[in-house]
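K.L.:
Please find the sequence and the predicted model below.
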Amino acid sequence: MSNPQQLRYSKEHEWLSAVDNGVATIGITEFAANSLGDVVYAQLPAVGDTVTAGESCGELESTKSVSDLYAPVSGEVVEINEDVVNDPALVNTAPFEGGWLFKVRITDEPEDLMSADEYTALTAG
(Lines give C-alpha, C1' and ligand atoms only; values in the text may rest on other atoms or scores of the structure.)
Protein backbone atom coordinates (compact mmCIF):
# COMPACT_ATOMS: atom_id res chain seq x y z
CA MET A 1 0.00 0.00 0.00
CA SER A 2 1.47 3.30 -1.03
CA ASN A 3 0.32 6.58 0.51
CA PRO A 4 0.88 9.57 -1.81
CA GLN A 5 3.62 11.81 -0.41
CA GLN A 6 1.88 15.08 -1.35
CA LEU A 7 -1.12 14.36 0.93
CA ARG A 8 -1.53 14.75 4.68
CA TYR A 9 -3.32 12.21 6.84
CA SER A 10 -5.48 12.02 9.98
CA LYS A 11 -5.39 9.32 12.64
CA GLU A 12 -9.00 8.52 11.60
CA HIS A 13 -7.64 7.48 8.15
CA GLU A 14 -8.74 10.46 6.07
CA TRP A 15 -6.42 12.19 3.62
CA LEU A 16 -6.24 15.88 2.79
CA SER A 17 -4.87 17.40 -0.41
CA ALA A 18 -2.77 20.52 -0.60
CA VAL A 19 -4.82 23.66 -0.13
CA ASP A 20 -5.71 25.46 -3.37
CA ASN A 21 -7.26 28.93 -2.85
CA GLY A 22 -8.23 27.89 0.68
CA VAL A 23 -9.94 24.68 -0.48
CA ALA A 24 -8.72 21.13 0.18
CA THR A 25 -9.98 17.79 -1.11
CA ILE A 26 -10.72 15.05 1.44
CA GLY A 27 -11.05 11.29 1.09
CA ILE A 28 -10.31 8.10 2.98
CA THR A 29 -7.06 6.19 2.66
CA GLU A 30 -6.50 2.90 0.90
CA PHE A 31 -5.88 1.36 4.34
CA ALA A 32 -9.35 2.52 5.49
CA ALA A 33 -11.03 1.40 2.26
CA ASN A 34 -9.45 -2.06 2.57
CA SER A 35 -10.45 -2.28 6.24
CA LEU A 36 -14.05 -1.34 5.44
CA GLY A 37 -14.49 -3.85 2.65
CA ASP A 38 -16.79 -3.14 -0.28
CA VAL A 39 -18.36 0.30 0.21
CA VAL A 40 -22.02 0.22 -0.85
CA TYR A 41 -23.32 3.59 0.41
CA ALA A 42 -21.80 7.01 1.12
CA GLN A 43 -23.55 9.65 3.22
CA LEU A 44 -21.52 12.80 2.69
CA PRO A 45 -21.96 16.25 4.21
CA ALA A 46 -24.01 18.65 2.09
CA VAL A 47 -22.58 21.63 0.24
CA GLY A 48 -22.81 24.57 2.64
CA ASP A 49 -22.45 22.40 5.77
CA THR A 50 -19.83 23.38 8.31
CA VAL A 51 -17.56 20.54 9.43
CA THR A 52 -15.36 20.50 12.52
CA ALA A 53 -11.95 18.82 12.67
CA GLY A 54 -12.12 15.48 14.46
CA GLU A 55 -15.92 15.30 14.41
CA SER A 56 -18.16 12.97 12.41
CA CYS A 57 -19.52 14.52 9.21
CA GLY A 58 -20.94 11.52 7.36
CA GLU A 59 -20.92 7.74 7.06
CA LEU A 60 -19.60 5.06 4.78
CA GLU A 61 -21.52 1.80 4.72
CA SER A 62 -19.83 -1.37 3.57
CA THR A 63 -20.81 -5.01 3.33
CA LYS A 64 -19.10 -5.41 6.75
CA SER A 65 -20.21 -2.36 8.77
CA VAL A 66 -21.11 1.32 8.93
CA SER A 67 -18.23 3.67 9.74
CA ASP A 68 -18.27 7.34 10.63
CA LEU A 69 -16.48 9.75 8.32
CA TYR A 70 -14.46 12.35 10.23
CA ALA A 71 -13.44 15.80 9.08
CA PRO A 72 -9.63 16.23 9.22
CA VAL A 73 -10.05 20.05 9.18
CA SER A 74 -12.73 22.60 10.03
CA GLY A 75 -14.49 24.61 7.35
CA GLU A 76 -17.36 24.85 4.90
CA VAL A 77 -18.15 22.06 2.45
CA VAL A 78 -17.97 23.56 -1.05
CA GLU A 79 -18.34 20.41 -3.18
CA ILE A 80 -19.17 16.74 -2.81
CA ASN A 81 -18.17 13.97 -5.18
CA GLU A 82 -21.45 12.97 -6.83
CA ASP A 83 -19.62 10.11 -8.58
CA VAL A 84 -19.05 8.47 -5.16
CA VAL A 85 -22.68 9.04 -4.15
CA ASN A 86 -23.76 7.28 -7.37
CA ASP A 87 -20.99 4.62 -7.29
CA PRO A 88 -19.64 4.17 -3.72
CA ALA A 89 -17.27 1.41 -4.93
CA LEU A 90 -15.00 4.20 -6.23
CA VAL A 91 -13.84 4.59 -2.60
CA ASN A 92 -12.38 1.06 -2.88
CA THR A 93 -11.07 1.16 -6.43
CA ALA A 94 -9.56 4.66 -6.48
CA PRO A 95 -9.39 6.08 -2.92
CA PHE A 96 -6.77 8.70 -3.84
CA GLU A 97 -8.17 9.67 -7.26
CA GLY A 98 -11.79 9.32 -8.36
CA GLY A 99 -12.91 8.16 -4.90
CA TRP A 100 -12.37 11.51 -3.15
CA LEU A 101 -15.33 12.47 -0.97
CA PHE A 102 -15.71 16.23 -0.54
CA LYS A 103 -13.95 19.60 -0.68
CA VAL A 104 -13.74 22.07 2.20
CA ARG A 105 -12.88 25.76 2.41
CA ILE A 106 -10.63 25.51 5.47
CA THR A 107 -11.15 27.78 8.48
CA ASP A 108 -9.00 25.78 10.91
CA GLU A 109 -6.40 23.09 10.42
CA PRO A 110 -5.26 20.95 13.36
CA GLU A 111 -1.58 20.51 14.14
CA ASP A 112 -1.74 16.71 14.28
CA LEU A 113 -2.09 15.90 10.57
CA MET A 114 0.59 13.43 9.50
CA SER A 115 2.95 13.13 6.57
CA ALA A 116 2.72 10.05 4.33
CA ASP A 117 5.69 8.47 6.13
CA GLU A 118 4.14 9.09 9.57
CA TYR A 119 0.80 7.66 8.42
CA THR A 120 2.50 4.61 6.89
CA ALA A 121 4.26 4.00 10.23
CA LEU A 122 0.93 4.32 12.07
CA THR A 123 -0.78 1.72 9.87
CA ALA A 124 2.18 -0.68 9.63
CA GLY A 125 1.70 -1.94 13.22
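P.N.:
Structure's in. What do you need? Numbers count the residues shown, from 1 in each chain.

K.L.:
Could you measure from the spatially most central residue of the chain over to Leu36?
P.N.:
By Cα atoms, centre = their mean, the chain has its centre lying nearest to Gly27, at 2.4 Å. Distance from Gly27 to Leu36, counting by Cβ to Cβ, to the nearest Å: 13 Å. Quick note: C-beta positions are derived from backbone N, CA and C, even for glycine.

K.L.:
quick revisit: okay, the residue nearest to the centre of the chain and Gly125: tell me how far apart.
P.N.:
Using Cβ to Cβ, Gly27 is found at 23 Å from Gly125.

K.L.:
Repeat that for Thr107.
P.N.:
The span separating Thr107 from Gly125 equals 33 Å under the rule Cβ to Cβ.

K.L.:
Those two: which is more packed in?
P.N.:
Set Thr107 next to Gly125 and count neighbours by other Cβ atoms under 10 Å: Thr107 wins out with 14 against 4.

K.L.:
Mind listing what's buried along whatever helix or strand that one lives in?
P.N.:
Assignment of secondary structure by DSSP states H and E places Thr107 within strand 102-108. Buried residues in strand 102-108, counting neighbours by 16 or more other Cβ atoms under 10 Å, are found at Phe102, Lys103, Val104, Arg105, Ile106.
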